[in-house]
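Peer 1: Generate a structure from the sequence data that follows.
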Amino acid sequence: MGTFKVWTRWRPLDLTKSEGEIEREYSQSNSHSSISITSPLQTRAVSGREKSWKSGPSFDGIIEHAENNRLVFNRVVAPIIPDVLQGKSCNFFAYGHSGSGKSHTMIGYDFEHNEEFGLCLAAARQLGTALDGINAKDSIHRFGIGLRVFELRKNIAFDLLNERNECFVREGSDGRVYIRGETEILDNGIVRVRPIATKPCWSFEELRQELQEALKHRKTATSTVHDQSSRTHAVIELEIITKDLLDARDKVVERQSELVPVGKHATDVYIEEQSRAVIQTEGGKFVPNPDYQVDQTRIDAAEAIKTEFECRVKEAEEHESHVITSTAAVHQCVGGKLVFVDLAGAEFLSSTTGPALKQTAQEKQEGKQINTDLLALKEVIRARSLGQSRIPYRSSPLTMVLRGHFKSSADTHSAMILTVSPEANQYMATTNTLKYGDLVGSANKNRK
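Peer 2: Got it, this is the predicted structure:
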C-alpha cells in the first residue's frame, strides 16, 4: 500500500483586511511536524477552550507564505516524477476552506511565468521535457500527455475539454466506475456513449493552451467565505500516452457502442417471450399461458449474437492491454499518470469566517454535499492508510470516481496539501482544516 503525505501551506496575510494574525509554532518528531496555533481574538465563536489547538506529529512538511509555487512543486511533486516515468501513478489533493489558496496551488492563475505555474502545469512541463528526450531517441513510438479535465458535482461530471458536456458517474457490472456522456445515436443506428474527452498533447505549449481553455468553463458561486468560490471538485489527469494507445481505446468505445443495441435486443426478446408465456386471470394472478410456448430458439439466437459482440469488446480490451504491455517493454513510462484534485472549498459555518454572504437554498445544499464528499474522502484515505479490509469508496460520488486512481497508486505515494489562512478572522476555518489533515496524516503515521 502506498504512503499518503500531508503538507500544510500558509497563504500570505492580507494586510488590507487583517484583524490580526494567528500565532503558530512548529515542532519536529521523527521527521514529522506538529503545528500549534493560537487565536489573537476572543469572540463568542472562539471560546477560551478553542483559542488554542495543537496537532500530533502528522505533517510531512510546512510551507510558509513566502514560498512560491515553483518551490512547492519542487518539494511536493517533483520527487514522484521519476516514478511516473516508470509507468506508475500518484494523486495530489488541495484541501482547505474557500479563499485559502487551493486553486492557486493546484492550478495557478499565471500561465506565463514558470515560477507561478500551478502544480499540474509545472508537472506537465517537467514530464514534457522528459518525453521530448525519449522521443528524440525513439523513431517508432511518440509519447505525449493525455489531458482530461472535469468537474464533479454530486453524481454529475462536467467535461471541461468538451464545452462542459454533462456526464454521469455510474458503476458498471464489472465493479469499475465509469464517467459517460449522454447517449448519441449515429447515422448507422449505432448507440454511442462517449467517456470523458482525452486531449492528446504532443508539446507543453499545446497542453498549456488546452488547460487554459478548459478552465474557462469552471463554475464558481457563493460560499460562506466569498462570492467566487469553486463549488465543484476539479480533477485534472495527466497520462503518458501514445497514438496507438488512444486508437486502441477508441476501438474499445466503438465495440462497446456496437454492443449496446445488440444487448438491448437480446433483453427485449427475452422479456417479450416471457411475457407471452403468462396470462393474467380475472383475479389478477399471473399463470402460464396454455396457448403459448416460450420460443427458446429465438432467445438463444439473440443471446448468441450478444455473446459474439461481447467477445468483440473483450478482444478490443485485450488489444488495448497488449499495446500498453508491448510499449512498456521498451519504455516503461506509458500509462504513467498524475492526478490533481482541486477540492471544493470546505464549508465551515462560523461567524469567524468573516461577513456572512447570502446563499441560495441550492448553494446551501451544495455546501452540504461538498462536506459529505470531503468527509468520505477522509475516511477512504484513513481506511487505506490503516490497511482496513473494507474501503468505503461508495460513500460519495467523489470517492467512487477516485477509486481507480487510488488503486492504481498503491505502490507510490500520494499527497494532500492543506491550504490555510493566517488571518485571525479565519481562525476556526483554519483550525478545522488542520484538524482534517491531522486525522488524515495520523492514520498514515500510525500504520504498522
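Peer 1: now the helix or strand hosting E310, how far from the centre of its chain.
Peer 2: Counting by DSSP states H and E, the element that carries E310 is helix 296-328. Here the centre of helix 296-328 is set off from its chain's centre by 29 Å, with Cα atoms, centre = their mean, to the nearest Å.
Peer 1: which SSE is the residue nearest to the spatial centre of the chain in?
Peer 2: Per Cα atoms, centre = their mean, the C-alpha nearest to the average position across the chain is that of V235, at 4.5 Å. Per DSSP H and E, V235 falls inside strand 233-242.
Peer 1: mean confidence for that strand?
Peer 2: Averaged across strand 233-242, pLDDT comes to 97.
Peer 1: That one relative to helix 296-328, how many degrees between them?
Peer 2: For strand 233-242 against helix 296-328, the angle by axes from the mean of the first three to the mean of the last three Cα atoms, to 10 degrees is 70 degrees.
Peer 1: List the pairing partners of strand 233-242 within its sheet, with orientation.
Peer 2: Strand 233-242 has the following strand partners under DSSP bridges: strand 143-153 (antiparallel), strand 337-342 (antiparallel).
Peer 1: Pull out the CA atoms of it and give them to me as PDB.
Peer 2: Extracted C-alpha coordinates of strand 233-242, given in PDB (Å, rounded to 0.1, in the frame of the first residue of the first chain):
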ATOM      1  CA  HIS A 233     -14.300  19.400  -7.300                       C
ATOM      2  CA  ALA A 234     -11.900  19.800 -10.300                       C
ATOM      3  CA  VAL A 235     -10.000  16.800 -11.500                       C
ATOM      4  CA  ILE A 236      -7.000  17.200 -13.800                       C
ATOM      5  CA  GLU A 237      -5.400  14.000 -15.200                       C
ATOM      6  CA  LEU A 238      -2.100  13.800 -17.000                       C
ATOM      7  CA  GLU A 239      -1.300  10.400 -18.500                       C
ATOM      8  CA  ILE A 240       1.700   9.400 -20.600                       C
ATOM      9  CA  ILE A 241       0.200   8.100 -23.900                       C
ATOM     10  CA  THR A 242       0.900   7.200 -27.500                       C
END
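Peer 1: picking that back up, which helices and strands sit right next to the helix holding E310?
Peer 2: For helix 296-328, the elements it packs on are helix 243-276, judged by 3 or more Cβ pairs under 8 Å, 6 or more residues apart in numbering; DSSP states H and E. C-beta: built from backbone N, CA, C; applies to glycine.
Peer 1: Run the chain-centre distance for the helix it packs on.
Peer 2: For helix 243-276 - counting by Cα atoms, centre = their mean - the centre lies 28 Å from the chain centre.
Peer 1: distance of I156 from F150?
Peer 2: As judged by Cβ to Cβ, to the nearest Å, I156 and F150 stand 10 Å apart.
Peer 1: residues bridging contact with the two, i.e. touching both?
Peer 2: C167 (Cβ atoms under 8 Å, 6 or more residues apart in numbering).
Peer 1: and the two? which has more neighbours close in?
Peer 2: F150 (26 against 15; other Cβ atoms under 10 Å).
Peer 1: number of nearby residues for the closest residue to that one other than its chain neighbours?
Peer 2: Counting by Cβ to Cβ, 6 or more residues apart in numbering, A157 is the residue found nearest to F150 once chain neighbours are left out, at 4.7 Å. Burial of A157 is recorded as 24 neighbouring residues (other Cβ under 10 Å).
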